[in-house]
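In: everything below, folded, please.
(chains A and B)
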Amino acid sequence: MTSEGEPVSDAAARLLAEIHAARGLLRAAPASARPGAAALWAHALREPGAPVDLAVARAIRTDPDTARRYRTLLAGQALAHAPLAIAAAHGPVSSRRIGPFALEILAATEDAPPLLILRGVVARPPRLIEAILGDETLRLALPAPVEGVILLALDPAVPEAVRLGDMLRDPACAAFLL
Amino acid sequence: MTGGYDERCAADLAAVCEGRDLSREDRAWLARVVTGAVRPNRDKPLWDLAHALAALARLTAAGEARDLVSLALDPGLARPAGLAARLGEGRVQGAAADARGLVLTVGAGWRTTWAGLARLLALAEFLLTAEDLGQFALVSGWFGDLAAAPDGEAAAFLGKRLARHLAAYRNDHLPLAPLERRFRALLGHLRGRTDFGDDDILAVWCAEMEQGERVGFRTVAEHFVTFEAAACLRGGLDGLAAAESLDAHAGWEERLDASLADLVAGEPAEALVDLLAGLADGPKSLNGPKILTGAERDDLADLLRLEPFHRSRPLTTLRATSFGRVQSGLANRLRRGGGGPEIAERVACAEAETYPALAERVGALAAHLDRMLRIAAALRVPADADGLGPEVRAALAAALSDIRRVRRAGFDDPDRLAAGFAQADTALLRLAEEVGRLQRAVAALDRQRPLAPAFAADRDVFARTFARAYASEAAA
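Out: Numbering: from 1, shown residues only, chains lettered A, B, ... in the order given. Below you'll find the model as predicted:
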């Protein structure tokens, strides 16, 4: 209370504190240059084979912090239209679970290339698969499911398909279904 | 100006401001929303955002979270014109876009302008990317819930969720309680006055210290800077507390944003000193001329940091510089647990720089900046350029030949020198102007309240206050 008997206003003090912090924030040091969320998000939404922002791709490859933020956006996107989720690698490396999906890679036979099989009961089938192993990222389009099963031939004539199979066999490889 | 936020919050906000290249006013608005300096209801922007997202979801047929996230993160939609071009003149059931902006027609109805929508999307980006994307999955999931059924009810629900979410963020990243307490002390001391003097600032600081709050004199002075800005903004703090009267005060929000933006734009101290930091001794300076030494930069930062008090309250500026250094020395020694003079010796303020000595240094800095400005001018304008009067010509020639007498790194290499000055001369001009104003203010103070006795009197006050506040450590 002041001598005039007026209460010292808590509300005024609160507002002044908020204004004070806002002023401080406006003067705070600018962020360091790095790919912003918008650029990473655009990268996460890219179509396979579409042109990519090389600076963003390089930052994801070389900067662990950027890679982590990119994966967060990727995972958040998958989670956002759940129930697609990040791969949890377990079991034999020729098969793994990716959220509600079972992914299996059948070895090549004499007359057929290796085959990637994706099974899962969800409302919306994934359109894309992205594999991330170390600093390597690979994104491929998935064909439409046939009777609930997506089949992708890992054609030896298509280097990306071969590489995808190799990466997915590695237990350390992360996989995102988008 | 420090306190009230942590580094995470500053980085989160800066990332959005820079990514969207927001105007100063929009930065100020977003900073206010984040800290909660919105009245009468600090949750109103979140309610607005939820309704904007509902209208956008309808208008763009966004059925999923990713669609709304894409709208929020699209730099092409950061400006009102971009929004109008993308969404203008659309109409679907429940939502429409017209020449003025976005309208949600379901529920109680709601509308915003394109400029308002641009701001709200910046807020959406902040909420999505805050904590370095730590809450991205959660918030985008909420966007997805709204996108699934974008009606008035879902918008209101999302508004509540976001308000709770931002309140939790404030709890974690905006330690406002100490600021609030200090402003209460300030308001209590002023008892309804909005005008105050240097001695009010000193009195509030002394009272805080008496109560065992080891708050920096500079920190208390910073609170007065904000108080003055808010008080002159309102033309009095009479209604600052009363929500209704704020609401009735048309244009208050806009003026607060403009004022915050002005304060930031008119901030010579840290921004400009930082700009010059590279030219003093930072790593980027390896090739630049040493226009300022590290010590000169530190002096300038200390002297100008209480903007605008270096113009209007030179005594507080001198106090903060002289005794602020003693106090940070005390705090540093306590933190480190040793090093340098003992506490008992420090509290006596024997090493505090006297005001006449500080005034002399201000004069030397002003003279140095003036010399650098002349060199900058000479490097920009050839002395044989057309249309120059003989006096200007002579001054430019003198400045050019002065370069040889500057014994600093980089002044012996014409190319480095020209490049370094070209980068720095705008900042240099601002700094020189502000230091000149400080110099004049200190000279005026000296005539009114001579510096030597003023310092002696202040040293008694600060030494007494420090001695009491740090008595236990001084005795140890």
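
In: could you point out which element follows the helix or strand bottoming out on mean pLDDT in chain A?
Out: When the helices and strands of chain A are scored by mean pLDDT, DSSP states H and E, strand A:87-88 comes last with a mean of 48. On the C-terminal side of strand A:87-88, the closest following helix or strand by DSSP states H and E is strand A:95-98.

In: could you pull up phi and psi at the closest residue to chain A within chain B?
Out: Of all residues in chain B, residue B:4 sits closest to chain A, at 3.0 Å by C-beta to the nearest C-beta. (Glycine included, C-beta is placed from N, CA and C.) With angles defined as degrees, to the nearest 10, residue B:4 sits at phi 100, psi -10.

In: what's the answer for residue A:99, then?
Out: phi 60, psi -130.

In: ok, it to residue B:37 distance?
Out: Per C-beta to C-beta, to the nearest Å, residue A:99 is found 42 Å from residue B:37.

In: can you give me the helices for chain A?
Out: A:10-27, A:37-44, A:54-62, A:64-80, A:159-169 (DSSP state H).

In: for those, which one ends up most surrounded?
Out: Neighbour counts (mean count of other C-beta atoms under 10 Å in any protein chain shown) averaged over each of those peak at helix A:10-27, with a mean of 24.

In: please state the offset of that helix from the chain centre?
Out: 37 Å (C-alpha atoms, centre = their mean, to the nearest Å).

In: give the other helices and strands that it contacts.
Out: Contacts defined by 3 or more C-beta pairs under 8 Å, 6 or more residues apart in numbering or on different chains; DSSP states H and E place helix A:10-27 against helix B:7-19, helix B:24-35, helix B:177-190, helix B:217-234, helix B:252-265.

In: make it 10 Å
Out: On a contact count with 3 or more C-beta pairs under 10 Å, 6 or more residues apart in numbering or on different chains; DSSP states H and E, helix A:10-27 meets helix B:7-19, helix B:24-35, helix B:152-173, helix B:177-190, helix B:217-234, helix B:243-248, helix B:252-265, helix B:269-280.

In: now the longest one: average pLDDT?
Out: To tie it back to what came earlier, the one meant is helix B:152-173. Per-residue pLDDT over helix B:152-173 has a mean of 97.

In: orientation of that helix relative to helix B:7-19 in degrees?
Out: 130 degrees (axes from the mean of the first three to the mean of the last three C-alpha atoms, to 10 degrees).

In: and helix B:152-173, does that touch chain A?
Out: Yes - Helix B:152-173 reaches chain A (C-beta under 10 Å from any C-beta of the partner chain) through B:170, B:173.

In: the residue of chain B closest to chain A: neighbour count?
Out: When neighbours are defined as other C-beta atoms under 10 Å in any protein chain shown, residue B:4 has 25 of them.

In: find the closest residue to chain B in chain A.
Out: Taking C-beta to the nearest C-beta, chain B has its nearest neighbour within chain A at residue A:21, 3.0 Å off.

In: got a pLDDT number for residue B:257?
Out: Taking residue B:257 on its own, its pLDDT is 65.

In: where does chain A dip in pLDDT?
Out: A:1-8, A:29-33, A:78-93 (pLDDT under 70).

In: can you list the domains in it?
Out: Residue ranges for the domains of chain A, per automatic domain parsing: A:10-75, A:80-177.

In: which one of these lies nearest to residue B:11?
Out: The closest of the domains of chain A to residue B:11 is domain A:10-75. By C-beta to C-beta, the value is 5.8 Å.

In: so what would you say the end-to-end distance of the closest one is?
Out: Taking C-alpha to C-alpha, to the nearest Å, domain A:10-75 runs 44 Å from one end to the other.

In: now tell me which helix or strand of chain B has the poorest mean pLDDT.
Out: helix B:243-248 (a mean of 48).

In: neighbours around residue A:109, how many?
Out: Neighbours of residue A:109 using other C-beta under 10 Å come to 9.

In: kindly apply the preceding question to residue B:113 instead.
Out: 14.

In: before we move on, what about the one 5 residues further on?
Out: Applying other C-beta under 10 Å, we find 23 other residues in the vicinity of residue B:118.

In: helix, strand or coil for it?
Out: Under DSSP: H, G, I helix; E, B strand; the rest coil, residue B:118 falls in the helix class.

In: output stretch B:408-422 in PDB, but only the C-alpha positions, please.
Out: The C-alpha coordinates for stretch B:408-422 follow below in PDB (Å, rounded to 0.1, in the frame of the first residue of the first chain):
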ATOM      1  CA  ARG B 408      46.500   0.300 -34.900                       C
ATOM      2  CA  ALA B 409      46.300  -3.000 -36.800                       C
ATOM      3  CA  GLY B 410      45.000  -2.700 -40.300                       C
ATOM      4  CA  PHE B 411      45.500   1.000 -40.700                       C
ATOM      5  CA  ASP B 412      48.700   0.500 -42.800                       C
ATOM      6  CA  ASP B 413      46.800  -1.500 -45.500                       C
ATOM      7  CA  PRO B 414      44.700   0.700 -47.800                       C
ATOM      8  CA  ASP B 415      42.500  -2.100 -49.100                       C
ATOM      9  CA  ARG B 416      41.700  -3.600 -45.700                       C
ATOM     10  CA  LEU B 417      41.100  -0.100 -44.400                       C
ATOM     11  CA  ALA B 418      38.700   0.900 -47.100                       C
ATOM     12  CA  ALA B 419      36.800  -2.400 -46.900                       C
ATOM     13  CA  GLY B 420      36.700  -2.300 -43.100                       C
ATOM     14  CA  PHE B 421      35.400   1.300 -42.900                       C
ATOM     15  CA  ALA B 422      32.900   0.700 -45.700                       C
END
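
In: mind listing what's buried along it?
Out: B:409, B:410, B:411, B:416, B:417, B:419, B:420, B:421 (16 or more other C-beta atoms under 10 Å in any protein chain shown).

In: and if you look at stretch B:436-446?
Out: Neighbour-count burial for stretch B:436-446 [16+ other C-beta under 10 Å]: B:437, B:438, B:439, B:441, B:442, B:445, B:446.

In: export those as TSV, with columns for distance to chain A, pLDDT and secondary structure.
Out: Formatted as TSV, the buried residues of stretch B:436-446 follow (distance: C-beta to the nearest C-beta, whole Å; pLDDT from 0 to 100; DSSP: H, G, I helix; E, B strand; the rest coil):
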residue	distance to chain A	pLDDT	secondary structure
B:437	20	95	helix
B:438	19	96	helix
B:439	24	97	helix
B:441	22	97	helix
B:442	24	97	helix
B:445	26	97	helix
B:446	30	97	helix
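
In: residues of stretch B:70-83 that come out buried?
Out: Applying 16+ other C-beta under 10 Å to stretch B:70-83 flags B:70, B:71, B:72, B:73, B:74, B:77, B:78, B:79, B:80, B:83 as buried.

In: what comes up buried for the host helix or strand of residue B:394?
Out: Using DSSP H and E, residue B:394 sits in helix B:390-403. Buried residues in helix B:390-403, counting neighbours by 16+ other C-beta under 10 Å, are found at B:395, B:396, B:399, B:400, B:403.

In: figure out how far that helix is from the centre of its chain.
Out: That offset, for helix B:390-403, works out to 38 Å (C-alpha atoms, centre = their mean).

In: list the contacts of it.
Out: Contacts to helix B:390-403, defined as C-beta atoms under 10 Å, 6 or more residues apart in numbering or on different chains, come from residues B:289, B:371-385, B:388-389, B:411-412, B:414, B:417, B:421.

In: dump that helix to PDB, restricted to CA.
Out: These are the backbone C-alpha positions of helix B:390-403, laid out as PDB (Å, rounded to 0.1, in the frame of the first residue of the first chain):
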ATOM      1  CA  PRO B 390      38.100  24.400 -49.800                       C
ATOM      2  CA  GLU B 391      37.500  23.700 -46.100                       C
ATOM      3  CA  VAL B 392      36.000  20.300 -46.700                       C
ATOM      4  CA  ARG B 393      38.800  19.500 -49.100                       C
ATOM      5  CA  ALA B 394      41.300  20.400 -46.500                       C
ATOM      6  CA  ALA B 395      39.600  18.400 -43.800                       C
ATOM      7  CA  LEU B 396      39.400  15.300 -46.100                       C
ATOM      8  CA  ALA B 397      43.100  15.700 -47.000                       C
ATOM      9  CA  ALA B 398      44.000  16.100 -43.300                       C
ATOM     10  CA  ALA B 399      42.000  12.900 -42.400                       C
ATOM     11  CA  LEU B 400      43.800  11.000 -45.100                       C
ATOM     12  CA  SER B 401      47.100  11.900 -43.900                       C
ATOM     13  CA  ASP B 402      46.000  11.300 -40.300                       C
ATOM     14  CA  ILE B 403      45.600   7.600 -41.200                       C
END
